[in-house]
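# Fold the following and give me the result.
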Amino acid sequence: MATKNLMKYRDERDKSYGVAGMALGLSVFDADDLFTAVTIDGDGPGCIKFTPEFFFAGNPRLSPRGSWQYILSHYRITVGLAVANALCRRMVLDNARVDNLLRDELFNAAWEDGRDFCQLERDEVEPIFDEAFENMLRIFADTRVRKAMDAFADALQQRRTLSHIDVAEILQQARLV
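Numbering: from 1, shown residues only. Next up, the predicted model:
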């Protein structure tokens with residue numbers, strides 16, 4: 001996603017909260033079967049180690065409509081992950097409100113990618129973005145989720161990389177999945 005400014009981390013702690021938010025987002029957006037690990041040693045989207053299935057869209061058995069749906073579903077996931085990253089950092093780490101500036105920056109990045117990679121118009125991106133934004137805003141407002149993200153970020157800082165199984169265990173222990 002076109003989130004260069006949004007994905008600039010202040011420090012490793014900030015990055016660990018961003019990655020923690022994305023890990024929760026993978027579960028929320030039904031993409032928890034599309035990654036093998038999360039790490040704070042990666043850059044940007046490289047903090048998530050996706051399975052090969054996430055990247056493979058060239059199945060000759062898929063109709064053009066099926067291929068389009070596949071690409072669109074992955075775009076939705078990407079939007080959700082960027083939103084989860086930014087909102088976890090702002091709401092959980094900084095314990096601050098999400099302002100219109102952040103929302104606008106996230107939407108503009110989502111729109112750029114939607115336009116460039118999916119040929120979506122602004123009005124087609126809005127419902128996709130709004131759903132992800134409102135969902136993550138509600139989730140990160142929950143104090144139980146905030147405590148779980150604190151624990152997740154701490155574990156990530158200590159271990160640097162968490163496998164898919166580690167992520168599932170942490171989220172289950174916190175009763176988030």
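# Once you drop chain neighbours, what's closest to F129?
A110 (4.7 Å; C-beta to C-beta, 6 or more residues apart in numbering). Placement of C-beta: from N, CA and C, glycine included.
# List the neighbouring strands of the top strand by length along the chain plus their orientation.
Longest strand in the chain, counting residues (DSSP state E): strand 35-39. Strand pairing for strand 35-39, using DSSP bridges, gives strand 48-50 (antiparallel), strand 161-163 (antiparallel).
# Need the contact partners of that strand.
19, 22-23, 26, 47-51, 54, 156, 160-164, 166-167 (C-beta atoms under 8 Å, 6 or more residues apart in numbering).
# Of the strands paired with strand 35-39, which is nearest I77?
When those are compared by C-beta to C-beta, strand 48-50 sits nearest I77, at 9.7 Å.
# List the neighbours of the closest one that are in contact with it.
Strand 48-50 is contacted by residues V19, M22, A23, L26, L34, F35, T36, A37, V38, T39, G42, L81 when judged by C-beta under 8 Å, 6+ apart.
# Which of these are buried? Put it as a ChimeraX command.
To isolate the buried members of those in ChimeraX, using 16 or more other C-beta atoms under 10 Å:
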select :19,22,23,26,34,35,37,38,39,81
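# now this structure, which segments are flagged as low pLDDT?
1-7, 56-60, 177 (pLDDT under 70).
# thinking again about what came up before, quick one: the strands paired with strand 35-39 as JSON lines, columns for distance to E121 and mean neighbour count too.
Shown next, in JSON lines, are those (distance: least, C-beta to C-beta, whole Å; neighbours: other C-beta atoms under 10 Å):
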{"stretch": "strand 48-50", "distance to E121": "27", "mean neighbour count": "18"}
{"stretch": "strand 161-163", "distance to E121": "38", "mean neighbour count": "17"}
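# Which among those strands is found nearest to N135?
Closest among these, using C-beta to C-beta: strand 48-50, at 18.5 Å.
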